[in-house]
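**Q** structure, please.
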Amino acid sequence: KDCFDVCGQTYPRKMDSLILNCLSSIAQSAYRMASDIRLLQHDRQIEEPFEKNQIGSSAMAYKRNPMRSERICSLSRYLITNALNAHLTASSQWLERTLDDSANRRISMPEGFLCADSILRLTQNITSNLQVNEKIINNTVKEYLPFIATENIMMEAVKKGGNRQKIHEIIRQSSLKANEKIKNGERCDLLEILANNKELNLLESDLQKILKPELYIGRSIEQVEKYLEKIKPIINNVSLEKIDIDL
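**A** So this is what the prediction gives:
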């Protein structure tokens, strides 16, 4: 419906740059998500779908590698770098056109769309049946929450008359001591160490009140609900079908 006001024999190739930039942006988001899944699957907190007879590793039978996420990262790297083709073509376009103006784009443009399509199919496949291991996540939260909550513990101790600098040093030394025990294969006992320190003037029951996970989630629930409400019309208008990926 629209035309360029001024152009030569061909449309400005900067349009190709804008298009591939958009596809690159999709790849960047998919890459970030897939990388997070790979890291979390390493700790068994989150796992991508795994078929009944799927082989996790051709060499090590016990493995359950996040192969779909790995493929997303691999394809995303290609698509991100593929956008550079359009940048170089647009910047070197001559007065009218030469074959180097068109030959490159005949490969980079269709391959960009094909690659983005593969990335989105893999992404949809993963998110349609992502496994969240809540018990492992809960254990991880219990292990690390005492360290995360140290600032709140310090503020509570100061409210009860403690010197901030002195309390900070007590918590710092206690945290290092507990961390060394964890590295040695022992359980985290930071809570006990702090409760037994009389200078903090905090009972274990006081510390337990501070160590409620729901106190450290910020506005995450509100943000998610608000975002889902925003995209609800889009979701309702799109038929989301499970896509089987040939591994």
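
**Q** now do the host helix or strand of Ile221, average pLDDT.
**A** According to DSSP states H and E, Ile221 maps onto helix 220-236. Averaging pLDDT along helix 220-236 yields 93.

**Q** counting contacts, what elements does that helix pack onto?
**A** Packing contacts for helix 220-236, counted by 3 or more C-beta pairs under 8 Å, 6 or more residues apart in numbering; DSSP states H and E, involve no helix or strand. To be clear about C-beta, it is placed using only N, CA and C from the backbone, and glycine gets the same treatment.

**Q** with just CA atoms, put that helix into PDB.
**A** Listed next in PDB are the C-alpha coordinates belonging to helix 220-236 (Å, rounded to 0.1, in the frame of the first residue of the first chain):
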ATOM      1  CA  SER A 220       6.500 -10.800  40.700                       C
ATOM      2  CA  ILE A 221       2.900 -12.100  41.100                       C
ATOM      3  CA  GLU A 222       1.400  -8.800  40.200                       C
ATOM      4  CA  GLN A 223       3.700  -8.300  37.200                       C
ATOM      5  CA  VAL A 224       2.900 -11.700  35.800                       C
ATOM      6  CA  GLU A 225      -0.800 -11.400  36.200                       C
ATOM      7  CA  LYS A 226      -0.800  -7.900  34.700                       C
ATOM      8  CA  TYR A 227       1.300  -9.100  31.700                       C
ATOM      9  CA  LEU A 228      -1.000 -12.200  31.200                       C
ATOM     10  CA  GLU A 229      -4.000  -9.900  31.200                       C
ATOM     11  CA  LYS A 230      -2.400  -7.700  28.600                       C
ATOM     12  CA  ILE A 231      -1.600 -10.500  26.200                       C
ATOM     13  CA  LYS A 232      -4.800 -12.400  26.800                       C
ATOM     14  CA  PRO A 233      -6.500 -11.100  23.600                       C
ATOM     15  CA  ILE A 234      -3.500 -12.300  21.600                       C
ATOM     16  CA  ILE A 235      -3.600 -15.800  23.200                       C
ATOM     17  CA  ASN A 236      -7.300 -16.100  22.600                       C
END
